[in-house]
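Q: One predicted model, sequence on top.
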Amino acid sequence: MPSGSVRVSAGISAFRRTGYNSRSTTHFRTAYALLQSKKKPAGFHARFDSKGKTYIYKIAENCRPDPFMRDHYYFVKERLDIEAMREGAKAVCGTHDFACFQAAGGNIRETTVRTVSALDIREGEVVFPDGTCAREISLEITGNGFLYNMVRIITGTLVDIGCGRMSPADMSGIIAGGDRSKAGHTAPPQGLYLKEIFY
């Protein structure tokens, strides 16, 4: 069986993944499109040799969930304050101990220090199959590594800021405190996409 560059939980999608296989015949259990094949040196590991990843998280706000797109967006009922979210996101960028954004149940790590090099929040419009229009908010985050559910908890915290349940100024203290219970909710896996892996 082929091995992948990252473990993707149920409900999470990927635009692009890297895999490796030591045998000539590859069997995939789900639908993939093979875009490119390269020979790598012995000992190459698609997951452990990566230098960083970019994830995208898609939110559709202030609308009812579309049954055909429910696996592709996080549907948020409230109108979000995107400027407050952007202000809170500034504190996430840089090298920090991100223990506050690690969910229980993951593998124990030697360190919870990670570097987030970029966190951009963009807005646009999405039209669903039934003709409903909604504001789409996309979070794009790049880092040298991510803890278990880290992107989903960062997203949940930013949504809580956008809803007014937290202040943008709270983000720095949440990170410094290292307490998971002080951060926001864990956003659902629907809406999370692995965009790119760097080597």
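A: Great, that's in hand. Numbering: from 1, shown residues only.
Q: I'd like to know which helix or strand in this structure has the lowest mean pLDDT.
A: Lowest on mean pLDDT, DSSP states H and E among the helices and strands of the chain sits strand 3-4, with a mean of 49.
Q: Can you list the buried residues in the longest strand seen in the chain?
A: Looking across the chain with DSSP state E, the single longest strand is strand 113-127. For strand 113-127, the neighbour count (16 or more other Cβ atoms under 10 Å) marks 114, 116, 119, 121, 126 as buried. Yep, even glycine has a C-beta here, placed from its N, CA and C like the rest.
Q: How about stretch 54-68?
A: For stretch 54-68, burial by neighbour count (16+ other Cβ under 10 Å) applies to 54-61, 63, 65-66.
Q: hey, where'd the helices end up in the chain?
A: All helices of the chain, identified by DSSP state H, fall at 82-89, 150-163, 170-177.
Q: Could you save the ones you listed as JSON lines and add columns showing mean pLDDT and mean neighbour count?
A: Shown next, in JSON lines, are the helices of the chain (pLDDT from 0 to 100; neighbours: other Cβ atoms under 10 Å):
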{"stretch": "helix 82-89", "mean pLDDT": "98", "mean neighbour count": "19"}
{"stretch": "helix 150-163", "mean pLDDT": "98", "mean neighbour count": "24"}
{"stretch": "helix 170-177", "mean pLDDT": "98", "mean neighbour count": "17"}
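Q: I'd like to know which of those lies nearest to residue 101.
A: Distance to residue 101, taken as Cβ to Cβ, is lowest for helix 150-163 among those, at 4.4 Å.
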